[in-house]
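Trainee: 3D model of this:
(one chain, ligands or ions: 1)
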Amino acid sequence: MQYDVLIIGAGSAGLSAALTLGRCLRRVLVADGGLPRNEASPAVHGFFTRDGIAPAELLRLGHEQLRPYDSVEVQALEIDRIAQEGRSFRATGVNTVTDAPITIAARRVLLATGVADILPPLPGFRELWGRGVLHCPYCHGWEVRQQPLAVYGRGRTVTGLALLVSRWSADVVVLTDGPGYLTPNARRRLRRHKISIREERIARLVGTPDNELQCVEFIDGSQLPRTALFLHASQHQRSTLAVQLGARHTSKGAVRVDSAMQTTIPGLYAAGDTTPGTQQALLAAAAGSKAAIVINESLTREECPR
Ligand SMILES: Cc1cc2nc3c(=O)[nH]c(=O)nc-3n(C[C@H](O)[C@H](O)[C@H](O)COP(=O)(O)OP(=O)(O)OC[C@H]3O[C@@H](n4cnc5c(N)ncnc54)[C@H](O)[C@@H]3O)c2cc1C
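Mentor: Reported below is the predicted structural model:
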């Protein structure tokens, strides 16, 4: 059986694309490979009409609202290989419930596979991720407003993030965990906003039983009480499928797309965190919807030649 569209990934981008394509009566298979990027977080903030919803509940609603659309199938599938076959694609993977292998043919593919965050290898970062350790003040700044905050990192990245976070709290400390590589100008800008800098090595983050941050402990044993720590974590793509097809990536590792959400491989589209730009659940959902529209229009052009 050939699908019109194979959507790989069932996060905000993938489910939103499936909804729009279902409403176009397109035969769609959504490969749901499992947990979304924000699974460690208690809530999705800033999502219009759903502010504060649990990540799993947001996606449950997304699945529920696909049910009326008979042409959309969702399966628990991890896609591991993909290749072009003429003007179509052939993907293979496994059913993550039954372990059964599967092969899928599709006229178009939408990659909505997201990214994974790489955290510093220090005790506490992984454990407190999503609660005491936060990646984005737009997502979680309001919840920790006017509290003692830390911003972790070095160089220009930490300077920009600390200045941004100072919008939410007047008590912000930069933690560089060793030499901070901060220019005199960066130090001046931080000082001007009353942001102090600690360049001592960090031993660990100490959390509460609920994985909120209690304090940062340095290697000399001293502790700095903080209620949250922000950082710009490095990321990698959750899947290598775009690489397998030879799609171009940006210098930061995002899958390059044009204004019609198409990658450099004709027929292969991408949406959500996989692509360059601001990463938010609502923006991923919007990008998924936009990709679905351009995919439907490209299929329509193919079906209705001049
Ligand atoms: C801790 C944390 C908290 C956050 N809080 C917020 C917030 O409050 N508000 C907000 O707007 N944003 C928040 N974000 C950002 C938000 O999570 C992302 O922007 C959003 O999840 C992106 O959606 P997506 O569909 O692109 O990717 P994802 O939601 O990550 O979904 C990608 C899906 O693809 C699947 N997948 C990957 N590879 C394969 C494969 N080979 N085969 C099949 N499936 C595959 C994955 O299992 C996953 O289900 C947060 C992020 C983090 C890390």
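Trainee: Assumed residue 57 was part of a strand.
Mentor: No: when DSSP: H, G, I helix; E, B strand; the rest coil is applied, residue 57 is found to be helix, with no strand at that position.
Trainee: Tell me, how many residues neighbour it?
Mentor: Using other C-beta atoms under 10 Å, residue 57 has 12 neighbouring residues. Every C-beta, even on glycine, is put in place using the N, C-alpha and C of the backbone.
Trainee: how close does it get to residue 283?
Mentor: 19 Å (C-beta to C-beta, to the nearest Å).
Trainee: so where do the helices sit in the protein?
Mentor: Taking DSSP state H, the helices of the chain run over residues 12-23, 55-64, 125-128, 137-140, 155-165, 184-192, 241-244, 281-303.
Trainee: Of all these, which one is nearest residue 47?
Mentor: helix 281-303 (4.8 Å; C-beta to C-beta).
Trainee: Can that closest one be said to contact the ligand?
Mentor: Yes: using C-beta under 6 Å from any ligand atom, helix 281-303 reaches the ligand at 281, 282, 284.
Trainee: Filter these down to the buried ones, ChimeraX style.
Mentor: Buried residues among the residues of helix 281-303 next to the ligand (16 or more other C-beta atoms under 10 Å), as a ChimeraX selection:
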select :281,284
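Trainee: and the nearest residue to residue 69 once chain neighbours are set aside, how far is that from the ligand?
Mentor: In this structure, residue 69 finds its nearest non-sequential neighbour in residue 22, 2.9 Å apart by C-beta to C-beta, 6 or more residues apart in numbering. From residue 22 over to the ligand the distance is 17 Å, taken as C-beta to the nearest ligand atom, to the nearest Å.
Trainee: Close to the ligand: what parts of the chain are there?
Mentor: 8-14, 31, 33-38, 40-41, 44-47, 77-79, 112-114, 117, 130, 135, 139, 238-239, 272-274, 279-282, 284.
Trainee: Strands - which of those land there?
Mentor: Within the residues of the chain next to the ligand, residues falling in strands by DSSP state E are 8, 31, 77, 78, 79, 117.
Trainee: Out of the residues you listed, who's the most crowded?
Mentor: residue 8 (29 neighbours).
Trainee: Residue 226 versus the residue most central in space within the chain, what's the distance?
Mentor: In the chain, the residue lying closest to the centroid (C-alpha atoms, centre = their mean) is residue 273, at 4.4 Å. For residue 273, the distance to residue 226 equals 27 Å [C-beta to C-beta].
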